[in-house]
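>>> Just need the structure, nothing else, for what follows:
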Amino acid sequence: MTAVAKGSPADGVLNCDDVILGVGNKSFDGDARIQFGKAITVAEQVKNGGVLKLIRWRAGKTETVQLKLAVMGSYSGTAPYDCQKSKKIFEQGCQTIAKKGLSKATIDNDLNALALLASGKKKYRPMLAEYAKKISASLHPGKWTWFYGYGNIFLAEYVLSTGDKSILPELKRTAKEAAMSQSVAGMWGHEFYLTPSGNLNGYGAMNQTALSQTIGLVLARQAGVNDPAVDQAIAKSARVLRWFVDKGGIPYGDHLPWPGYESNGKSSSAAVLFDLLGDSATSSFYSRMSTAAYSERERGHTGIFFNVLWSLPGVSRCGPLATGAYLKEQSWYYDLARGWDGSFGYQGSPVGEEDHGKYAKWNCTGAYMLAYALPLKSLYLTGKKPCSVQALNKKEVAEGIDRQLLYPAIRLALQNDDAVARRSIAPILGQLTDRDLAVLLPDIIKAIEKLAPSNEMFGDVIRVEGLSLLAKKRIIEGLPLCLNIMEIQRHGKKNRVVPCLKSLEIYGPAAVKTILPELKQMEKDLLKHQEANNVLSDGIKKIHKMIAEAEAATGKPEFISLAQFIRENK
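Model (predicted):
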């Protein structure tokens, strides 16, 4: 722990420098964020009374302690629609935003203001009217285009929601300025100014800012801005963004289609944009991309802020069953990000992902509140205009991926003689459900056991990734494989020894104790083949430590057989 908020449930229970080792009665054995977030979700259910049990380490002593959280209930199957928990979260978040106020015009405050506007409560009107003036005064050609996009979105929604026409002249100005900052190719970059030829200053197009700019212009037109330059800018941008349909995700800028469902919230914001334009086919494509992107939200250039901001507004275009299915996968993240007072802070990307850290101090409450505001349908962003996309039905949501096609495709790749083909499955492993693994684990284990005969230099990728998966699932058949596939006589041993030992660490000392003789033999073998460049010396040190910890272990090993795992998850 680095800080404990005064008055929070943790106050008096946790201190700075405490270490949380697990939740409930179980130590963390995977991604601690996911396990902690899921524990919060469970604790907040009515039947559990808000009790969250934690395993706390303090000054050398480990014990179980309890936090008393607010009882929020459970997410409904169509959350945030028809969901009392979502309603409570939204109301609490708005109160927190109002209490803190909207001191200056920033992107995060634009979103905080949108959340208060979405509530429809008149008590927030004076604050919002004042904020509309702050935004208008802040927008000028010296500003980056990002501020225009989100500023115009708020100003337009404000006029449409309140009927306050006093701000319309400023909206006409800012919309016209935004339109005139578009390149001849139909996109926007970071900076406002263009070269005389109509090219963008800086290094080129930025499709995320282009999307917010275009949404702002569409809403400005809806609010009463009648300007041919605005119409032309919308048409040019939509033409560019529409080109990626059926080709892939919208890329960073002037690039080939993105080879995934989502990147920085561009599929999701495109779903909103084209729904506002009444283009059901294009919005349907992007909203389905957004719905399928639940496992990609924590990746993004510079960080994940825009991925989270636009996610559920984009998914919502596929209907309440889609949002419910999406939140079933991602509710842990939303509950983890929510503070005890209803505010939402920035959750950084996992280690290894690109995150410049500049969003760390942003107040992200409004960005999350737009998701919880969807049931109100009070803003155009959140569904005030009847959706042009046909909602996914129960069967379509339940099927998701056609597993009758998925399983044979994965098996064929895992059995392919070419290691590059096998390697292509490695990134998919972490996205498979336990139900999927109950079907595919025998094939995954075979791919671990036997090296592909062609392109051997790439052959260890699927093996070590598959081994890590077995360790995280505590499957006993993976224990001997941790030693067997080290193959210290073969080229590239460092790429096997280090990850194999990491997988052994995941199993824990008590489990490692069951293969102690074999581990000691591996230590001897490594000593015989020790190399001067430390390729193996680090492994020897790690094994020596593991042996000592295993010999001292007294607890019962936690693992499950492959057969039992399959029985329990079929």
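
>>> got a list of what residue 569 touches?
Residues in contact with residue 569 (C-beta atoms under 8 Å, 6 or more residues apart in numbering) are 434, 435, 437, 438. The C-beta positions use only the backbone N, C-alpha and C, and glycine is treated the same way.

>>> Wait, the third one touches residue 472, no?
In other words, residue 437. No. In this structure residue 437 lies outside contact range of residue 472 using C-beta atoms under 8 Å: 10.5 Å.

>>> out of those two, which sits in the busier spot?
Ranked by neighbour count (other C-beta atoms under 10 Å), residue 437 and residue 472 place residue 437 first, with 20 against 17.

>>> Secondary structure element for that one, which one?
Assigned by DSSP states H and E, residue 437 belongs to helix 434-449.

>>> What are the contacting residues of that helix?
With contacts defined as C-beta under 8 Å, 6+ apart, helix 434-449 is touched by 403, 406-407, 410-411, 414-415, 422, 425, 429, 432, 462-463, 466-467, 469-470, 473, 475, 477, 481, 484-485, 562, 565-566, 568-570.

>>> Buried only: go through those residues for me.
Listed as buried from the contacts of helix 434-449 are 406, 410-411, 414, 422, 425, 429, 432, 462-463, 466-467, 469-470, 473, 475, 477, 481, 485, 562, 565-566; burial here means 16 or more other C-beta atoms under 10 Å.

>>> Which segments of the protein make up each domain?
1-74, 84-399, 403-569 (automatic domain parsing).

>>> which stretches of the stretch 401-550 of the chain form helices?
Counting by DSSP state H, counting those that start in this stretch, residue ranges of the helices within the stretch 401-550 of the chain are 403-415, 419-423, 426-429, 434-449, 460-472, 478-484, 494-507, 509-512, 516-528, 537-552.

>>> and the domains of the chain as JSON lines, adding mean pLDDT?
Shown next, in JSON lines, are these (pLDDT from 0 to 100):
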{"stretch": "domain 1-74", "mean pLDDT": "94"}
{"stretch": "domain 84-399", "mean pLDDT": "94"}
{"stretch": "domain 403-569", "mean pLDDT": "89"}
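
>>> just the ones you listed: most buried one?
Highest mean neighbour count among the domains of the chain (mean count of other C-beta atoms under 10 Å): domain 84-399, with a mean of 20.

>>> Can you give me every residue that contacts residue 79?
By C-beta under 8 Å, 6+ apart, the neighbours of residue 79 are 85, 86, 323, 324, 327, 331.

>>> now, which of these sits nearest residue 256?
residue 323 (30.4 Å; C-beta to C-beta).

>>> what about the helix or strand containing the closest one, distance to the chain center?
Per DSSP H and E, residue 323 falls inside helix 320-337. Helix 320-337 sits 11 Å away from the centroid of its parent chain (C-alpha atoms, centre = their mean, to the nearest Å).

>>> Please apply the same query to stretch 498-513.
Mean C-alpha position of stretch 498-513 versus that of the full chain (C-alpha atoms, centre = their mean) differs by 28 Å.

>>> If you drop the residues flanking it in sequence, what lies closest to residue 438?
residue 569 (3.9 Å; C-beta to C-beta, 6 or more residues apart in numbering).

>>> er, residue 251 actually
Leaving aside its sequence neighbours, residue 251 sits nearest to residue 258 (C-beta to C-beta, 6+ apart; 4.6 Å).

>>> what pairs with the one you found across the strands?
In this entry, residue 258 is beta-bridged to residue 249, by DSSP bridges.

>>> thought it was touching residue 248?
Yes. With contact defined as C-beta under 8 Å, residue 258 counts as touching residue 248 (5.3 Å).

>>> got a list of what the residue most central in space within the chain touches?
In the chain, the residue lying closest to the centroid (C-alpha atoms, centre = their mean) is residue 297, at 2.5 Å. Neighbouring residues of residue 297 by C-beta under 8 Å, 6+ apart: 262, 304, 307, 308, 311, 330, 333.

>>> could you dump those residues to JSON lines with distance to residue 119?
Output for those, formatted as JSON lines (distance: C-beta to C-beta, whole Å):
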{"residue": "262", "distance to residue 119": "28"}
{"residue": "304", "distance to residue 119": "26"}
{"residue": "307", "distance to residue 119": "24"}
{"residue": "308", "distance to residue 119": "20"}
{"residue": "311", "distance to residue 119": "21"}
{"residue": "330", "distance to residue 119": "23"}
{"residue": "333", "distance to residue 119": "23"}
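
>>> so which of the residues you listed would you say is closest to residue 360?
Within the contacts of residue 297, proximity to residue 360 (C-beta to C-beta) peaks at residue 304, which comes in at 11.5 Å.

>>> tell me the contacts of that closest one?
By C-beta under 8 Å, 6+ apart, the residues touching residue 304 are 297, 298, 347, 348, 349, 355.

>>> isn't the fourth one right up against residue 358?
Going back to what we said before, that points to residue 348. No. Look at residue 348 against residue 358 with C-beta under 8 Å: they stay out of range, at 10.8 Å.

>>> shared neighbours of the two, anything?
By C-beta under 8 Å, 6+ apart, the residues touching both residue 348 and residue 358 are residue 303.

>>> nearest residue to residue 425 other than its sequence neighbours?
In this structure, residue 425 finds its nearest non-sequential neighbour in residue 413, 5.0 Å apart by C-beta to C-beta, 6+ apart.

>>> Please apply the same query to residue 156.
Ranked by C-beta to C-beta, 6+ apart and with sequence neighbours excluded, the top spatial neighbour of residue 156 is residue 219, at 3.5 Å.

>>> which SSE is that neighbour in?
Per DSSP H and E: helix 207-223 holds residue 219.

>>> after that helix comes which helix or strand?
Downstream of helix 207-223, the first helix or strand assigned by DSSP H and E is helix 228-242.

>>> Just the residues contacting that next one, thanks.
Applying C-beta under 8 Å, 6+ apart, the external contacts of helix 228-242 come out as 175-176, 178-180, 182, 185-187, 207, 210-211, 213-214, 217-218, 220-221, 250, 270, 273-274, 277, 279, 282.

>>> 6 Å - rerun?
Helix 228-242 has contacts (C-beta atoms under 6 Å, 6 or more residues apart in numbering) with 175, 176, 179, 182, 186, 210, 214, 217, 218, 221, 270, 282.

>>> Report the distance from that helix to the chain centre.
Centre-to-centre, helix 228-242 and its host chain are 30 Å apart (C-alpha atoms, centre = their mean).

>>> what does stretch 476-484 give?
On C-alpha atoms, centre = their mean, the centre of stretch 476-484 falls 32 Å from that of its chain.

>>> Got the phi and psi for the residue nearest to residue 371 when sequence neighbours are not counted?
Spatial nearest neighbour of residue 371, chain neighbours left out: residue 312 (3.7 Å); criterion: C-beta to C-beta, 6+ apart. Torsion angles at residue 312 (phi, psi; degrees, to the nearest 10) stand at phi -70, psi -30.

>>> what's the distance between residue 312 and residue 22?
According to C-beta to C-beta, to the nearest Å, residue 312 and residue 22 sit 30 Å apart.
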